[in-house]
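> With the sequence up front, the predicted model follows.
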Amino acid sequence: MFCWLFDESIQSMTRIYFDNAATTSLDPAVLDAMMPYLTSNFGNPSSIYSYGRETRMAIENARKSVAKILCAHPAEIFFTSGGTESSNTAITASVRDLGCKHIITSAIEHHATLHTVAYLQSKGEATVSYVNLLPGGHIDMAHLEKLLTESNAKCLVTLMHANNEIGNMLDLQATGELCKKYGAVFHSDTVQTVGHFPFDLHNTHVDFITGAGHKFHGPKGVGILYISEKIKISPFVHGGSQERNMRAGTENLYGIVGFAKALELASAAYETESGYIGGLKMYMMEQLQKNIEGVSFNGDPTGKSLYTVLSANFPKTDKSEMLLFSLDINNICASGGSACTSGAEQGSHVIRAINNNTDQVTVRFSFSKNNNRQEVDNVINKLRELI
């Protein structure tokens, strides 16, 4: 469609991919682990003959591996299609099975949470309160406790561990203890942190967490839902007895194997890769401040924040209004917020909630182990030309 805009020099450029919070590339070692289950080991895990037993063993070994890394029990790990299904399951079950008639959330949650709670509210199944945000976008914990104190109904608190657009991180331990104090169910969307940070679920008061393989160099279309052994819920998807009667449907065998392998690799490399990626983020921040007049940043980028995400604001001009498009035609992949909102006219609900400045253009840069400083320098040089 836009072929006429490209000249030969642009076509021959290598793409720079700075949208890893949307999805990451598949690690070659993960693909190697998956390949036998895409070819020779194709049996249905529910079958009783050898082909089925082999693939059933692969799923259960993957479950054990994931549970060990997250410091959970294998019986608490359920494989799903991804973070969206996992959050829908947890939130809906909290209302319908666990008796939570008051949901406390925030205005900057992922739409998988916000749309689900809005649906339940529209059906009269629960009331919804939104916790205040502090100026930098962090959750106001004092207001959260006030909402819990004043509630006359059992509460579900659903707050994401790390925001996918601005990177701000929630204190999972402190929030869990607050929920425990007031008898609230606690669900946390941890899609941006599973595979990026260590977890100790045995010693964290959280009832549900979520994960998605494609956020840490695993395959798309597979995720997890952790359900604390202390609670019992009904299935969200009905039909068969898979996932110990919790999620009907033939398992995504090769996806599950890939998820476990990707999590194993990410966990083993956490110390070195988190430092390396965090260094790229800080280098990009420094270079933007040095080279782009009027640049500012959303959230708490130098504080309690994802080491992978940098959300930058640029002064709005005739040139910068088309910034994402201009970056794209120069083979630079970035986002206007989350991948879910970057193409939408209404823009990012997260940015509107924390920084509703119509004189700025926001771009989210997000990094992985595959990026390097030369790419940062190339993007900075291109931004200097474009703005």
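Perfect, I can see it now. Residues are numbered from 1 along each chain as shown.

> and F199, how far is that from I69?
8 Å (C-beta to C-beta, to the nearest Å). Glycine gets a C-beta too; all of them are placed from N, C-alpha and C.

> repeat for G124
40 Å.

> same question, G43
The value you get for G43 to I69, if C-beta to C-beta is used, is 26 Å.

> got it, and N330?
39 Å.

> likewise D19?
26 Å.

> Same check on R352?
36 Å.

> Between those two, point out the one with more neighbours.
Taking other C-beta atoms under 10 Å, R352 and I69 do not tie; I69 has more neighbours (18 against 15).

> can you dump the C-alpha coordinates of the strand or helix carrying that one into CSV?
Following DSSP states H and E, one finds I69 within helix 50-70. Taking C-alpha atoms only, helix 50-70 is exported to CSV below (Å, rounded to 0.1, in the frame of the first residue of the first chain):
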residue,chain,number,x,y,z
SER,A,50,2.0,-44.5,23.5
TYR,A,51,1.7,-41.4,21.3
GLY,A,52,-0.7,-39.8,23.8
ARG,A,53,1.3,-40.9,26.8
GLU,A,54,4.4,-39.3,25.4
THR,A,55,2.8,-36.0,24.8
ARG,A,56,0.9,-36.1,28.2
MET,A,57,4.3,-36.5,29.8
ALA,A,58,5.7,-33.5,27.9
ILE,A,59,2.9,-31.3,29.2
GLU,A,60,3.2,-32.5,32.8
ASN,A,61,7.0,-32.0,32.7
ALA,A,62,6.4,-28.5,31.4
ARG,A,63,4.0,-27.8,34.2
LYS,A,64,6.5,-29.0,36.8
SER,A,65,9.2,-26.8,35.3
VAL,A,66,7.0,-23.7,35.3
ALA,A,67,5.9,-24.4,38.9
LYS,A,68,9.4,-24.9,40.1
ILE,A,69,10.6,-21.6,38.5
LEU,A,70,7.6,-19.6,40.0
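
> which element follows it toward the C-terminus?
That would be, after helix 50-70 and using DSSP H and E, strand 77-80.

> Who does that following strand pair with, and is each partner parallel or antiparallel?
strand 223-227 (antiparallel) (DSSP bridges).

> what does the strand it pairs with contact?
66, 70, 72, 76-83, 85-86, 89-90, 191, 194, 201, 206-213, 233, 246, 259 (C-beta atoms under 8 Å, 6 or more residues apart in numbering).

> one more time with 7 Å, if that's ok
66, 70, 72, 76-83, 85-86, 89-90, 201, 208-213, 233 (C-beta atoms under 7 Å, 6 or more residues apart in numbering).

> Quick check: next helix or strand after it?
Next in sequence after strand 223-227, counting helices and strands by DSSP H and E, comes helix 242-245.
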